[in-house]
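Student: next input, structure requested:
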Amino acid sequence: MIRTKLPGYFLLLSAPLLLELVITSGSLTTAQAQAKTPTQTSPLARLKQVTFEPRKDQPAPTTTVGGGRRNDGRCSQDRISSAQSTLEVKSLDQLLTPLLRSPVTDPQLTVSPRPTFLVYVPQTSATAMELTLERDGKGIYQTTVNLIGTPGIVSIQLPANAPELEMGKDYKWLVSMVCGSGAPEDSFVEGSVRRVQPNSTLSQIEQAKPLDKVALYAKNGVWFDTVAALAALRKAQPNDPQVASAWENLLKDAGLGAIAKAPLKN
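Tutor: Take a look at the predicted model:
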């Protein structure tokens, strides 16, 4: 009789033990999952890091921009004596500077038919600056922007009456200072821009949140849209630390760290 009852006895003992083991195992699994959640980086969090990834499928620009700057972008009355200026090495925050990735001779892309151009303007007595858009050496659009308070970063968006950029074509854009004489001087900055077709990811971008939109532009290698969208967000949310960090990191990565803290104008 002992032999026949022994298995039943162990079965009665084992049932609560097994139940306890199951509950304990389930609790451990839940605890492990909860412990992993905060340390995992979601795809959305990775996007918000706004890491620019240059596209490798684009040929070199057909438009020559010659290094991006002639002289220092200052009006003659703002310059020190020519002897000193020849020897002086100026930092980036003392120079008229287009917000382009370095080197500026690389393809600088946009998916916008009328992109926004951003330029850092140092302390100056100039009253305005002039933007000229060229294709094949011919001017196709020109506008003047008043300067109020410098230094700072000024944005110039092509308006609705400006011609759309053609897909896959290279354009040159130049910004000249309008000094006390009322005419642009020979100091200017220049860059190239090429409009490309948005891929399937960017076709859905309007549904994304603002900072996610910037990150998507950056991931898809369209510089003009990345920096313009982030500049607009920086102006709209000046006290957002995540936006401020994304802005500074983007400019530092582009070789523009010296002007990352410059105020955004207009």
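Student: which residues in the stretch 1-150 of the chain form strands?
Tutor: For the stretch 1-150 of the chain, the strands defined by DSSP state E, counting those that start in this stretch occupy 69-70, 97-98, 109-110, 116-121, 128-135, 138-146.
Student: actually the stretch 151-266 of the chain, not the one I wrote
Tutor: Assigned by DSSP E, counting those that start in this stretch, the stretch 151-266 of the chain shows strands spanning 152-157, 170-178, 184-195.
Student: and the ones you listed, which one is worst for confidence?
Tutor: The stretch with the lowest mean pLDDT among the strands of the stretch 151-266 of the chain is strand 184-195, at a mean of 83.
Student: which residue sits closest to the spatially most central residue of the chain, ignoring its sequence neighbours?
Tutor: Centrality entry for the chain: nearest residue to the mean C-alpha point is Val227, 3.2 Å, by Cα atoms, centre = their mean. Once flanking residues are discounted, Val227 sits nearest to Leu99: 5.5 Å by Cβ to Cβ, 6 or more residues apart in numbering. Every C-beta, even on glycine, is put in place using the N, C-alpha and C of the backbone.
Student: neighbours around the one you found, how many?
Tutor: Neighbour count of Leu99, defined by other Cβ atoms under 10 Å: 25.
Student: now it: how far from Ser200?
Tutor: As judged by Cβ to Cβ, to the nearest Å, Leu99 and Ser200 stand 28 Å apart.
Student: looking at it, Phe224 is touching Arg114, isn't it?
Tutor: No. Using Cβ atoms under 8 Å, Phe224 is not in contact with Arg114, being 10.5 Å away.
Student: of these two, who's got more company?
Tutor: Shown here are Phe224 and Arg114; by other Cβ under 10 Å, Phe224 has more neighbours (23 against 17).
Student: now the more buried one. Nearest residue, chain neighbours left out?
Tutor: Thr110 (3.8 Å).
Student: pull the contacting residues for Pro263.
Tutor: By Cβ atoms under 8 Å, 6 or more residues apart in numbering, Pro263 lies in contact with 151-153.
Student: can you tell me how far the residue nearest to Trp173 when sequence neighbours are not counted is from Tyr141?
Tutor: Excluding the flanking residues, the one nearest Trp173 by Cβ to Cβ, 6+ apart is Leu133, at 5.2 Å. To Tyr141, Leu133 is 4 Å away according to Cβ to Cβ.
Student: ok, the closest residue in space to Ala244 that isn't next to it in sequence to Leu95 distance?
Tutor: Among residues not flanking Ala244 along the chain, Arg234 sits closest, at 7.0 Å (Cβ to Cβ, 6+ apart). Look at Arg234 and Leu95: by Cβ to Cβ, they are 21 Å apart.
Student: Ala258 too?
Tutor: To Leu95, Ala258 is 9 Å away according to Cβ to Cβ.
Student: in terms of neighbours, single out the busier of the two.
Tutor: With neighbours defined as other Cβ under 10 Å, Ala258 and Leu95 compare such that Leu95 has more, 19 against 16.
Student: my understanding was that that one contacts Thr124; is that so?
Tutor: No. Contact criterion Cβ under 8 Å: Leu95 and Thr124 do not qualify, at 10.9 Å.
Student: tell me the contacts of the closest residue to Ala208 other than its chain neighbours?
Tutor: Leaving out its chain neighbours, the residue that sits closest to Ala208 by Cβ to Cβ, 6+ apart is Leu216, at 6.0 Å. Going by Cβ under 8 Å, 6+ apart, Leu216 touches 47, 201-202, 205, 208.
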